[in-house]
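K.L.:
Generate coordinates for the sequence data below:
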Amino acid sequence: MAMMPKRVKYRKSQKGRVKGNATRGNYVAFGEYGLQSLEPGKISAATIEAGRVVASQSVKGGGKLFIRIFPHKSVTSIPAETRMGKGKGEVEYWAAVVKPGTVLYEIGGVSEELARATLARVSHKLPVACRFVTRRPTL
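P.N.:
As a prediction, the model looks like this:
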């Protein structure tokens, strides 16, 4: 089932603009390998779920997958061939706002080759360009 917030203060949110690079959530924190976005965009809850399904099929029970993004933003739309006016449309889907540098998925407990192949399959599902990143060594 697609992710969405349990409750929100306001059902409908304004569009907004995605400006700048990610300053938080821009490094691998939980697993050993990650998938980092290279461009801004909105990723729908259905797309996040599709990536999760592909990753879980690819690792076949071995390793652990971490999803680092959550769809907090509601995206509305008006039905096709509707006249102007009559207010803002109903909520169509929920989306995660992604800045360049945000780590989207992380994977741990698998070899680098399997992680690279898995995250490559996940990146094909996403509407933003991504790159494979590894955890920084801690001192």
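K.L.:
Burial check on the nearest residue to H72 once chain neighbours are set aside, number of neighbours?
P.N.:
Among residues not flanking H72 along the chain, P5 sits closest, at 6.0 Å (CB to CB, 6 or more residues apart in numbering). Glycine gets a C-beta too; all of them are placed from N, C-alpha and C. P5: 12 surrounding residues under other CB atoms under 10 Å.
K.L.:
Now do the longest strand along the chain: everything it contacts.
P.N.:
In the chain, with assignment by DSSP state E, the single longest strand is strand 90-98. Contact partners of strand 90-98, identified using CB atoms under 8 Å, 6 or more residues apart in numbering, comprise 2-5, 11-12, 16, 18, 22, 37, 40-46, 48, 69-77, 104, 128.
K.L.:
Among these, the buried ones, what's the PyMOL command?
P.N.:
A single PyMOL command selects the buried members of those (16 or more other CB atoms under 10 Å):
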select buried, resi 3+4+22+37+40+41+42+43+44+45+46+48+69+71+73+74+75+76+104+128
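K.L.:
before we move on, back to that, give me the distance from the longest strand of the chain to the chain's centre.
P.N.:
11 Å (CA atoms, centre = their mean, to the nearest Å).
K.L.:
pLDDT (mean, whole number) over it?
P.N.:
Here strand 90-98 scores 96 as its mean pLDDT.
K.L.:
Return the set of buried residues in that strand.
P.N.:
Here strand 90-98 shows Y93, W94, A95, A96, V97, V98 as buried, counting by 16+ other CB under 10 Å.
K.L.:
Identify the residues contacting the closest residue to the second one other than its chain neighbours.
P.N.:
So that's W94. Excluding its sequence neighbours, the residue lying closest to W94 (CB to CB, 6+ apart) is P71, at 3.9 Å. Neighbouring residues of P71 by CB under 8 Å, 6+ apart: A2, M3, M4, P5, I43, S44, A45, I48, Y93, W94, A95, A96.
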